[in-house]
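[1] Sequence first, predicted model second:
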Amino acid sequence: MIFLHKLLNFYYREYKLNLSGFQDILTNITFFFISIFIFIFSIGPEKETYSFLGVGILWTLLLLSSTLSLRKFYQDDFENGNLTLLHLNGFSFELIAILKTFSHFIFVQIPFLLSIPLASILLNVGNEKLYRLTISFLLGALILSSLGSISSSMNLLNKRNYLLGSVIVMIFSIPIIIFSVGIININENFNSLVGILSGILLITFAVNPWASGACLKIAIQNN
Amino acid sequence: MIFLHKLLNFYYREYKLNLSGFQDILTNITFFFISIFIFIFSIGPEKETYSFLGVGILWTLLLLSSTLSLRKFYQDDFENGNLTLLHLNGFSFELIAILKTFSHFIFVQIPFLLSIPLASILLNVGNEKLYRLTISFLLGALILSSLGSISSSMNLLNKRNYLLGSVIVMIFSIPIIIFSVGIININENFNSLVGILSGILLITFAVNPWASGACLKIAIQNN
Amino acid sequence: MRFLINSKRFNVFADIIFKPVLVLSIVLLIVGLIFAFFLSPDDYQQGSTVRIMYVHVPSAWLSLMTYLIMTVYSIIALAFRMPFGFIVNTAVAPIGAIFTLVCIISGSLWGKPMWGTWWVWDARLTSVAVLFIIYLIIIFINISFENVRVREKIAAIFILVGSINLPIIKFSVDWWNTLHQPATISKLSKPSIDPSMMTPLIIMTIAFIFIGITIAILRIKTEIITRENI
Amino acid sequence: MLLAQNLTLCRLERIIFENISISLSSGKIIILKGKNGSGKTTFLKTILNLLEPTSGTIYWKGKLLSRNLYDYYNNLTYIADKTSSIKQLSVYENIKIWKKIFSSHMNYEKIEEILSILNLKVFLGARVSTLSLGEIKKLELLRLMIENKKIWILDEPFTNLDMETINLIGQTFEDHCKNEGCVIFSSHQDPLIPVSDEVNL
Amino acid sequence: MLLAQNLTLCRLERIIFENISISLSSGKIIILKGKNGSGKTTFLKTILNLLEPTSGTIYWKGKLLSRNLYDYYNNLTYIADKTSSIKQLSVYENIKIWKKIFSSHMNYEKIEEILSILNLKVFLGARVSTLSLGEIKKLELLRLMIENKKIWILDEPFTNLDMETINLIGQTFEDHCKNEGCVIFSSHQDPLIPVSDEVNL
Ligand code: HEM
Ligand SMILES: Nc1ncnc2c1ncn2[C@@H]1O[C@H](COP(=O)(O)OP(=O)(O)OP(=O)(O)O)[C@@H](O)[C@H]1O
Ligand SMILES: Nc1ncnc2c1ncn2[C@@H]1O[C@H](COP(=O)(O)OP(=O)(O)OP(=O)(O)O)[C@@H](O)[C@H]1O
Ligand SMILES: [Mg+2]
Ligand SMILES: [Mg+2]
């Protein structure tokens, strides 16, 4: 019970930090839609192409949006000392890593996931694909959040080169994206995709608290 | 002479801030290429498609990547008081805006521009298109930097909704993208494109120091 | 006509006309709906889906009209330094956004039976979608900037720049060869449009206008009050 | 309760402090004095177990600190030399977050009372970044009350504060000691308030 | 040289300070005293022309300040209450940037000499974020020397510093005044160094 209470309180804080209200979620979603617009404007309006390209565009945007928010992952809380504060109040570094990962998922990825149905109408992604897209996005977004946690905690150790973390995330996510887009478009083997994604997810989940926690600890020591 | 000296010193500082070494330029370019790879993988390997889509994809990536770096535009210097410091040393807010715009162009956009030839090979953009692409990118990147300056100085007044600036830049860049991609692909009227882009560039150049300068001033007053 | 540019006069005038406008908008809406659903014929081509038109077209017109009003007020406010223009802009933006949303949703609902798809990327639809996003951004600007004096100017300038979109929306069907509405347009532009379809359309349009005015009065008045308290 | 023996810490081959021992028990106020760069902050971080000492051991309630960390952390409040309030949120929102994170049972009337003693009540709705530095520091010190723990570890609590507030805080320290609490804080000036023990770095 | 008459500033309908006049001429050290939140920082920002006073006028060399801003800025150094060194760069890089930005002609031997007086020389290659707060503040004060201007405007120059450094800085102020310079600084404590004028907010 106390633990649950603690979690809720952590997320109250995250909520306050990430969103000052509904309008922020809306801005997020608007951002995605404008990005889609931009793709359409630059690629051209031929609708047949999109039923095929749509999946790829959505994946690219998911990736870009999670990269976009990587800087905020631990940086702010680290710099103003709130990470230390949390740690001194009984949140172990590993727990912080897990909670932050989910918080990234909830406050950054979920708004995106919510806009997928509408986006898939705009991009003419068919209904059958939509189902598979959503499932694989749910898994993929969690993977990206975990990777993001690892790389942005690594970034705390490396004061100058903030892009490095993003690059690591992107390199790791290339295989994931190839798998997903391929299989979603090919219309076969969906279960095997889910299997593979779940596998990767489990691995990153297992590694994340350990790796991020260690990085956070060293970062706080060296600060 | 003194003025020129001042400019050079400003850029020394920007250089130190943005790139503490060659390694950072590399990271920047890597980032760009990974995005392209992801695009290729997510859309599939049909080569014919790319020769047409390539231009659009490059433009979109240019836009997204300059949006990606908007947060760094004024924020850091504003928060640690360096903006005030510069102002008190004879850099008027308008001058700061102009210099920062070029600094964004030099340290964020130029690395992309340098990598365009390679990228256009990957995306199978033909040689004739490449020339036109490069010219229009040069102009487009300058426009995007000016727009970025305006919107990120506006964001200093708005403590919460940090995506708003990016959204505004993206909305404004829609017409630019339509024009550019369209004309580059259609293979005609290239001179008129250059004319239009130069026109927009001049307008944003004229507005930028004035608008950004006003925002910076108010931001410092309210801080 | 001073009430159009002066908040005190506006308050006085609004108090007088508010109740009649409210009543009128309700009555007109009911009458219009009755006409639209019961007293107008099915289209020989489109069947009863043509009734969507009585929502779609008025909301489309009003979304454009609202933006036009905002553009005019932006010019007034910026050029002649009349803060009432900023007040109107802040108050009216969400109304325009809602009209645009209604237009898009009704259009999509109409498009599914007519074109076989909810959405296509033709010039008119795209430009309306951009209009919607512009409305959203104006609202975000109004919400998220702290300094009132600054944000109203930013919003006004943004409105002015965004108004380039209006002619694009209006004339996109003429300039580009688009999917939007080839059948009905030629129909409506015929000098001899069926009055049984024209009447409900006009009534609904006027009803929408009055609904818009009602909400606008309420919002402008609250906006005036909140500004006095700063 | 807290016993640190012969702590030594080296950083990049440089000895920051050497052979420092302290013993903190209830009712005590310890001041840590030293010049700039003498290692006060580093020492406090060491006894917080954020840094590992190169040699020396720390005990908490007789057990090795690292064995008993959870209990230790449950009993202490640390106020760092930098303020931790979130600048883009309002004072009220910060207090609310603290109340939640520290699972505090202090009610809002009490908090408002303290705020009005600190002359902060009018700023309840103001964004923290618009406060003056001293006001931000005072807000930070409010955490002592909100967390309501036994051990207070403070790093330069008096910077940016005026004499009036410093005296108020000295008073608070004494009250806290009377309630079985204890305080250790660092300062590079003379202790402006009565202390019971002095450690020189 | 600098003359401020009857400055008043309101923020959000609240009067921050009212009817303050100062006159700064060469050889003077003015201290600005006041409690937390009394408006010291705001006042300094006003005479820096960063904020517009609600009423009152400021003159520089007899002319209205806003008419003569460029010359004014050419003659002053402002050290804010927050440090402006760039944390992720090294001390040396920061100094180099400052030297360039302020077009300083001071040579590196001189700078190293000052650094060694301030006990900072060993940190020349260290990243600023690894320094202690006092050391960062000392680094910031080095700007007084690098810029080498006539008027020094300092916001709480003594926070985070130990007595030794404070005395050193007091000495520097006096030397500066002897060289036709002048100093205005804010503090919420008693002036720890001799001053020639006191303004209470
Ligand atoms: C989401 C999709 C749609 C959007 C965003 C949209 C938008 C608009 C707009 C902005 C107007 C006003 C133009 C003006 O005042 O000149 C308009 C008018 C109209 N629309 Fe649509 N529309 C959509 C779908 C449809 C569909 C599917 C139909 C019917 C097949 C349709 C039929 C009409 C008609 C008849 C008019 C009145 C034309 C006129 O008098 O100028 N629209 N629409
Ligand atoms: N941007 C702002 N908007 C509104 N109020 C502000 C703003 N900045 C400062 N204030 C208020 O003005 C008052 C004076 O602030 P100022 O920073 O000048 O105080 P100070 O004398 O420097 O205090 P300290 O000794 O704590 O540094 C404070 O009450 C503060 O809350
Ligand atoms: N992460 C780090 N890496 C290397 N050296 C460090 C690091 N952090 C601090 N130091 C050095 O350790 C010494 C002690 O620093 P510390 O912050 O403990 O000093 P302090 O006594 O708190 O000083 P002040 O009174 O200025 O706050 C300083 O010389 C500092 O440069
Ligand atoms: Mg310290
Ligand atoms: Mg101050």
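    Sure, I can see it. Ligands and ions are numbered 1, 2, ... in the order given.

[2] What is the neighbour count of the residue in chain D that chain C sits nearest to?
    Residue nearest to chain C within chain D: D:R127 (7.9 Å; Cβ to the nearest Cβ). Quick note: C-beta positions are derived from backbone N, CA and C, even for glycine. Number of residues near D:R127 (other Cβ atoms under 10 Å in any protein chain shown) recorded here: 19.

[3] roughly how far apart are it and D:V91?
    8 Å (Cβ to Cβ, to the nearest Å).

[4] if we can go back for a sec, beta partners of the residue of chain D closest to chain C?
    Beta bridges link D:R127 to D:S90 when assigned by DSSP bridges.

[5] contacting residues for it?
    Contact partners of D:R127, counting by Cβ atoms under 8 Å, 6 or more residues apart in numbering or on different chains, are B:K159, C:E146, D:K87, D:Q88, D:L89, D:S90.

[6] Now render those residues as TSV, adding pLDDT, neighbour count and distance to D:D81.
    TSV is the format used below for the contacts of D:R127 (pLDDT from 0 to 100; neighbours: other Cβ atoms under 10 Å in any protein chain shown; distance: Cβ to Cβ, whole Å):
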residue	pLDDT	neighbour count	distance to D:D81
B:K159	76	19	25
C:E146	79	13	29
D:K87	89	16	16
D:Q88	85	15	21
D:L89	89	20	21
D:S90	91	17	24
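
[7] Give me the distance between C:G111 and chain E.
    Separation of C:G111 from chain E (Cβ to the nearest Cβ, to the nearest Å): 51 Å.

[8] What is the host helix or strand of that residue packed up against?
    Using DSSP states H and E, C:G111 maps to helix C:83-115. Packed against helix C:83-115 by the contact rule (3 or more Cβ pairs under 8 Å, 6 or more residues apart in numbering or on different chains; DSSP states H and E) you find helix C:7-34, helix C:53-80, helix C:123-144, helix C:148-162, helix C:195-229.

[9] Can you report how many residues lie near the residue of chain C found nearest chain A?
    Proximity of chain C to chain A (Cβ to the nearest Cβ) peaks at C:W121, 3.7 Å away. By other Cβ under 10 Å, 21 other residues sit near C:W121.

[10] I'd say it and A:I40 touch.
    Yes - judged on Cβ atoms under 8 Å, C:W121 makes contact with A:I40 at a distance of 5.5 Å.

[11] re the thing from before, now check the helix holding C:G111, is it near ligand 1?
    Yes - against ligand 1, helix C:83-115 shows contacts by Cβ under 6 Å from any ligand atom at C:C103, C:I104, C:G107, C:S108, C:W110, C:G111, C:M114.

[12] how deep is the fifth one tucked in, by neighbour count?
    To tie it back to what came earlier, the one meant is C:W110. Around C:W110 there are 21 residues (other Cβ under 10 Å).

[13] give the contact list for the nearest residue to it once chain neighbours are set aside.
    Closest residue to C:W110 apart from its sequence neighbours, by Cβ to Cβ, 6 or more residues apart in numbering or on different chains: C:I52 at 4.4 Å. Residues in contact with C:I52 (Cβ under 8 Å, 6+ apart) are C:S106, C:L109, C:W110.

[14] which residues touch stretch A:212-221?
    By Cβ under 8 Å, 6+ apart, stretch A:212-221 touches A:74, A:78, A:83-84, A:87, A:92-94, A:96-97, A:100-101, A:149-150, A:153-154, A:156-157, D:50-52.

[15] In helices only, show me the residues you listed.
    Secondary structure from DSSP state H places A:78, A:83-84, A:87, A:93-94, A:96-97, A:100-101, A:149-150, A:153-154, A:156-157 of the contacts of stretch A:212-221 in helices.

[16] If you rank those residues by neighbours, which is first?
    Busiest of those [other Cβ under 10 Å] is A:S149, holding 32 neighbours.

[17] correct me, but that residue touches A:F205?
    No - A:S149 lies out of contact with A:F205 (Cβ under 8 Å); the separation is 10.3 Å.

[18] ok, and the closest non-adjacent residue to the residue sitting nearest the centre point of chain D?
    Against the mean C-alpha coordinate of chain D, by Cα atoms, centre = their mean, the closest residue is D:L154 at 2.3 Å. Take D:L154 and drop its neighbours on the chain: the residue closest to it by Cβ to Cβ, 6+ apart is D:F185, 3.9 Å away.

[19] Confirm that the one you found sits in a strand.
    Yes - secondary structure of D:F185 (DSSP: H, G, I helix; E, B strand; the rest coil): part of a strand.

[20] and it, how many neighbours?
    23.

[21] so it bridges to which residues?
    Assigned bridge partners for D:F185, using DSSP bridges, are D:I31, D:L154.

[22] What is the burial count for A:N158?
    Using other Cβ under 10 Å, the number of residues around A:N158 comes to 12.

[23] From D:R11, how far out is it?
    For A:N158 relative to D:R11 (Cβ to Cβ), the value is 19 Å.

[24] lowest-confidence helix or strand of chain D?
    strand D:197-200 (a mean of 86; mean pLDDT, DSSP states H and E).

[25] does any part of that strand sit near chain E?
    No - using Cβ under 8 Å from any Cβ of the partner chain, strand D:197-200 never reaches chain E; the gap is at least 12.2 Å.

[26] Give the other helices and strands that that strand contacts.
    Using 3+ Cβ pairs under 8 Å, 6+ apart, strand D:197-200 is in contact with strand D:14-24, strand D:29-33.

[27] chain center to it, what's the gap?
    16 Å (Cα atoms, centre = their mean, to the nearest Å).

[28] For the residue sitting nearest the centre point of chain A, report the pLDDT, please.
    The residue lying closest to the centre of chain A (Cα atoms, centre = their mean) is A:S145, at 3.8 Å. A:S145 is assigned 91 on the pLDDT scale.

[29] Pretty sure it sits in a strand.
    No - A:S145 is assigned helix when assessed by three-state DSSP, not a strand.
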